[in-house]
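Q: The sequence and its predicted three-dimensional model are supplied below.
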Amino acid sequence: MHASTVRSLLVRGMLAGLIAGLFAFAVAYVVGEPPVNGAIAVEEARSAQAPHAGHDGTTVAESGKSVGSGESSAAGHAHEGQAEQEEAAVSRPVQSTLGLATGVLVYGVALGGIAALAFSFALGRIGRFSPRAAAALTAGAAFTTVYLVPFLKYPATPPAVGNPDTIGKRTTLFFLMILLSVLLGVAAVIAGRRLAPRLGNWNASLAAGAGFVVVTAVAFAVLPPNDDAVQASFPAALLWEFRLASLAIQLVLWAVFGVVFGILAQKTLTERTAAAAPPAPLTAPLAD
């Protein structure tokens, strides 16, 4: 594929990612924000109870040291002051509107550009698919490998509910699962193409897909679990609602991207193919 064509597809992929990001932002605001607000309320209620643990002169068991009521009260006021400063720096309404929109749109544009490059490489190499069908397959594969498989192993958790001491470990494991899932997906595509001459396209695709599932299951068993991502006292219904919302946001993002980018790619490649085609030979006029 010519460099100018790849550049055009890259721009259109980023545009499709921007449009998909708008749809994803709408879903995130309507469906995702309520469980986030609920999780923040749970954490605030838990934090509000913590400073009062020493108000009767007893010790605070969590600290492992004897703390008087005056010291506990001072720590509580310091914590409240710090929380007020953080709230003043970036208010919750700004986070749930401007901040959310900025994050989702940038995320959509970035992933749209990467998916467009993957589409440019895969077109014609994964079978005789039209640009629209290849775009749908690319979006489906990206959703599966980049989000769905890692989500099944390490599901999303609401903010401020996990153990802060393990956030680095949990982030590393999640990105490791993404990398592993993408590599296994690429390996499955390569294996399917190499098996196709012997097994046929359909059987080769089934064999490659089964191999991907088996190896992914082995990775799920080998990689360490994420047991401390959510505290045991956190409401299970709220956690389930948040995870379903996270899944819906990603599903809408990739579905809209696949449709929009498929239309744009089909139009772009059709126009370039028509422009590159040699003109039809002129025929001499028939003599009377």
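A: Looks like it came in fine.
Q: I'd like the mean pLDDT over the longest helix seen in the chain, please.
A: What stands out as the longest helix in the chain, according to DSSP state H, is helix 236-276. The average of the pLDDT scores along helix 236-276 is 88.
Q: Offset the numbering so it begins at 813, please.
A: All right, first residue 813 from here; so that's helix 1048-1088.
Q: Check which helices and strands it sits against.
A: Contacts defined by 3 or more Cβ pairs under 8 Å, 6 or more residues apart in numbering; DSSP states H and E place helix 1048-1088 against helix 815-839, helix 845-861, helix 912-934, helix 943-954, helix 961-965. (C-beta placed from N, C-alpha, C; glycine too.)
Q: and the angle for that helix with helix 912-934?
A: On the basis of axes from the mean of the first three to the mean of the last three Cα atoms, to 10 degrees, helix 1048-1088 is oriented at 50 degrees to helix 912-934.
Q: Of all the helices and strands packed on helix 1048-1088, which one comes closest to residue 1073?
A: For those, proximity to residue 1073 was assessed by Cβ to Cβ; helix 815-839 is nearest, at 3.7 Å.
Q: show me what contacts residue 954?
A: With contacts defined as Cβ atoms under 8 Å, 6 or more residues apart in numbering, the neighbours of residue 954 are 923, 927, 930, 1066.
Q: Is the last one in contact with residue 950, as I believe?
A: No. Using Cβ atoms under 8 Å, residue 1066 and residue 950 do not qualify as a contacting pair, with a distance of 9.5 Å.
Q: Serialize the contacts of residue 954 to JSON lines and add fields for neighbour count.
A: Putting those into JSON lines (neighbours: other Cβ atoms under 10 Å) gives the following:
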{"residue": "923", "neighbour count": "24"}
{"residue": "927", "neighbour count": "28"}
{"residue": "930", "neighbour count": "17"}
{"residue": "1066", "neighbour count": "28"}
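Q: ok, and what's touching stretch 1075-1084?
A: So stretch 1075-1084 is contacted by 817, 820-821, 824, 827-828, 928, 931, 942-944, 946-947 (Cβ under 8 Å, 6+ apart).
Q: Looking at the residues you listed, spot the one nearest residue 970.
A: Nearest to residue 970 among these, with distances taken as Cβ to Cβ, is residue 828, at 29.5 Å.
Q: Quick check: chain neighbours aside, which residue is closest to the closest one?
A: residue 1073 (3.7 Å; Cβ to Cβ, 6 or more residues apart in numbering).
Q: circling back: find the pair from the contacts of stretch 1075-1084 with maximum spatial separation.
A: 827 and 942 (19.9 Å).
Q: of the two, who's got more company?
A: The residue with more neighbours, out of residue 827 and residue 942, is residue 827; 17 against 14, by other Cβ atoms under 10 Å.
Q: From residue 834, how far off is that one?
A: Using Cβ to Cβ, to the nearest Å, one gets 11 Å for the distance from residue 827 to residue 834.
Q: before we move on, what about residue 1054?
A: When residue 1054 is compared with residue 834 (using Cβ to Cβ), they lie 22 Å apart.
Q: These two: which has the busier surroundings?
A: Per other Cβ under 10 Å, whichever of residue 1054 and residue 834 has more neighbours is residue 1054, with 25 against 15.
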